[in-house]
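Engineer: return atomic coordinates for the entry below.
(one chain, ligands or ions: 1)
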Amino acid sequence: MSGVTASRISCITDDSIALLIDRFYAAIRRHAVLAPVFERAIAPDEWPRHLATMRRFWSSVMQASGAYSGNPVEIHRAVQGLDRPMFAQWLALFEATATALFTPELAAAFVAKAKRIAMSLELAVFHRLDAPPDGMRRPARPATPPPQAATSCD
Ligand code: HEM
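Structural biologist: Model prediction:
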């Protein structure tokens with residue numbers, strides 16, 4: 001199978017995204033802190049729909065496919081039990097999952113995107129609730145990342 005060396009996946013395809021999503025949310029559903037939040041929000045028979053949404057989301061993020069449309073900020077504002085320390089736990093699990101599956105370069109590409117999105121989600125969801133009204137400014141947008149030619153396999 002092309003794109004796989006020493007059992008680590010080295011390129012971004014629909015299949016590699018699907019594998020990451022399946023493994024990541026399987027781990028989420030075993031996580032002591034995160035699992036209850038997800039299980040409260042997503043009924044057992046809604047998980048296939050959620051996983052399909054997340055595949056489209058990551059395809060849009062990593063492949064610029066435009067497959068996802070939605071409003072993650074509004075959706076996370078409505079998630080019961082979500083708190084700020086969970087973002088670090090979510091990211092640690094995402095990084096562990098990506099690192100186990102992908103080459104270091106590909107894992108780093110996913111993790112870099114996840115960190116930026118997590119930071120903006122956290123700010124958008126929480127800054128109105130517990131920060132001084134004028135005491136917090138969004139950080140400047142990070143520089144555009146370099147092209148991902150090395151991790152795309154067409
Ligand atoms: C603090 C950790 C997080 C928790 C506990 C959490 C929880 C959830 C839950 C429960 C849902 C399903 C909501 C519903 O269908 O009613 C959801 C959806 C989603 N989450 Fe998160 N999330 C977290 C962090 C993140 C991060 C860091 C990202 C992106 C990198 C992300 C991206 C998404 C997306 C794209 C959806 C689907 C939105 C849609 O249906 O259009 N989440 N999340």
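
Engineer: so the residue in the chain positioned nearest to the ligand: helix, strand or coil?
Structural biologist: Residue nearest to the ligand within the chain: residue 70 (2.7 Å; Cβ to the nearest ligand atom). Placement of C-beta: from N, CA and C, glycine included. Judged by DSSP: H, G, I helix; E, B strand; the rest coil, the three-state class of residue 70 is coil.

Engineer: and it, what pLDDT?
Structural biologist: pLDDT, residue 70: 97.

Engineer: how about the backbone phi and psi for it?
Structural biologist: phi 170, psi -170 (degrees, to the nearest 10).

Engineer: ok, now which ones touch residue 81?
Structural biologist: Applying Cβ atoms under 8 Å, 6 or more residues apart in numbering, we find residue 81 in contact with 36, 37, 40.

Engineer: around the ligand, pick out the residues from the protein.
Structural biologist: Within reach of the ligand by Cβ under 6 Å from any ligand atom, the chain has these residues: 34, 37-38, 41-42, 50, 53, 57, 70, 72, 75-76, 79, 82, 86-87, 90, 114, 117-118, 121.

Engineer: make a ChimeraX selection of the buried ones in those residues.
Structural biologist: Only the buried entries of these go into this ChimeraX selection, using 16 or more other Cβ atoms under 10 Å:
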select :34,37,38,41,42,53,57,76,82,86,87,90,114,118,121
